[in-house]
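*Asks:* take a look and give me a structure for this.
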Amino acid sequence: MSFKPFWGLHHPMLQTILGAKIPSRYNYPETYQQITLPDGDILVLAVTTPPDWIETMPSVVALHGLGGSHQAGYISRLRAKIVALGYRFIALNFRGCGAGAGLAKGLYNAGCSADVLQVVQYLKSNTPNSPLVLIGYSLGGNVALKLAGELKEQANHYFSGVIAITPPVDLANCADLMRKRSNAIFRRYYIRRLWQTVKERHASFPELGPTPKFDMSYGFWEFDEVYTGPQSGYLNAKDYYRHASALSMLTHISLPCKILFAADDPFIDCSVIKPINLAPPVEVLITSHGGHMGFLAAPMGSVPLRWMDHKIRDWVKELV
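*Replies:* Now for the predicted structure:
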């Protein structure tokens, strides 16, 4: 099922913005499970279990992107697809996100693979016979790939496969692209979301001190230099990008893995992955168009409007 953009929507800006803005809410019953991390912070999982699901049936764990949560539209759409297959769906809220707001003093970032491993170990200890597929979107995709690479052959013990959707595997490169004038709308959007997270974090934990002063003209380099890096235990933005980027981990991935990029993504350059000598189980699909997590297709025959969602569903079925 190849991707062809919806008529008149070839431009990556249109794909990115409309892909995020077109309503796509599905209401499914969720239960919430809390996972306490070694440092005392709490993560919250939003779990949807089909009525006929048993513990030998597959489970999917989804990781949201920057500024997202289990309520993000792309997570909601995926939940509908996965539950329709009869699989259990688990949406992980990173520290302080979604249903976990105010429950974590720590800050989530693109390198928080250790947090995800804690969740995966919890799930495997409770339902060890359920095949598990890990799916990450954007920042969450980088986290998923980083974890798969860190685990090396051990990853096969935890996962049937890993899927990463438009992951920023080279964070410094992504931050540079965000500086472009053409990306100003996206830069302002994400910086505004990041600063909102900062304000909520300091309001929930007064011991962190007053909310830092911020400048809405900041880009990713500046924000990560003054806040994300130091607050996450890194020296600065450069140190954070070097240690948190999944690019250097890709050659260590030995389990089935699917990675989706669009060549025209406004702020993720997929060409950085081309020189990497990937193991045979790792499959990279690069479409000519699609923007950043847009992939709005011309619906004809079996090809739906939300091409990305159906591609992920097919990959999940293949991996389990």
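
*Asks:* longest single helix anywhere in this protein?
*Replies:* helix 184-204 (DSSP state H).

*Asks:* give the other helices and strands that that one contacts.
*Replies:* helix 12-21, helix 171-178, helix 220-223 (3 or more CB pairs under 8 Å, 6 or more residues apart in numbering; DSSP states H and E). Using the backbone N, CA and C atoms, a C-beta is placed for each residue, glycine as well.

*Asks:* identify whichever of the ones you listed lies nearest to residue 131.
*Replies:* helix 12-21 (29.2 Å; CB to CB).

*Asks:* got the buried residues for stretch 72-88?
*Replies:* 72-83, 87-88 (16 or more other CB atoms under 10 Å).

*Asks:* could you dump it to CSV, C-alpha only?
*Replies:* The C-alpha trace of stretch 72-88 is given here as CSV (Å, rounded to 0.1, in the frame of the first residue of the first chain):
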residue,chain,number,x,y,z
ALA,A,72,-3.5,12.9,21.4
GLY,A,73,-5.4,12.4,18.2
TYR,A,74,-2.9,9.9,16.7
ILE,A,75,-2.9,7.9,19.9
SER,A,76,-6.7,7.8,19.9
ARG,A,77,-6.9,6.7,16.3
LEU,A,78,-4.3,4.0,16.9
ARG,A,79,-6.3,2.7,19.9
ALA,A,80,-9.3,2.3,17.7
LYS,A,81,-7.3,0.3,15.2
ILE,A,82,-5.6,-1.9,17.7
VAL,A,83,-8.7,-2.7,19.8
ALA,A,84,-10.6,-3.6,16.6
LEU,A,85,-7.9,-6.3,16.1
GLY,A,86,-8.8,-7.7,19.5
TYR,A,87,-5.4,-6.6,21.0
ARG,A,88,-4.8,-4.8,24.3
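
*Asks:* please, where are all the helices along this protein?
*Replies:* 12-21, 73-84, 113-126, 139-151, 155-158, 171-178, 184-204, 220-223, 229-231, 237-244, 307-319.

*Asks:* quick revisit: ok, of the buried residues of stretch 72-88, which one's closest to residue 306?
*Replies:* Distances from residue 306 to the buried residues of stretch 72-88, taken by CB to CB, are shortest for residue 77, at 6.4 Å.

*Asks:* so what's that closest one up against?
*Replies:* 24, 26, 306, 309 (CB atoms under 8 Å, 6 or more residues apart in numbering).

*Asks:* recalculate using a threshold of 10 Å.
*Replies:* Neighbour list for residue 77: 24, 25, 26, 306, 308, 309, 310, 312, 313 [criterion: CB atoms under 10 Å, 6 or more residues apart in numbering].

*Asks:* and residue 8, by the same measure?
*Replies:* Contacts of residue 8 (CB under 10 Å, 6+ apart): 14, 298.

*Asks:* alright, I will stop here.
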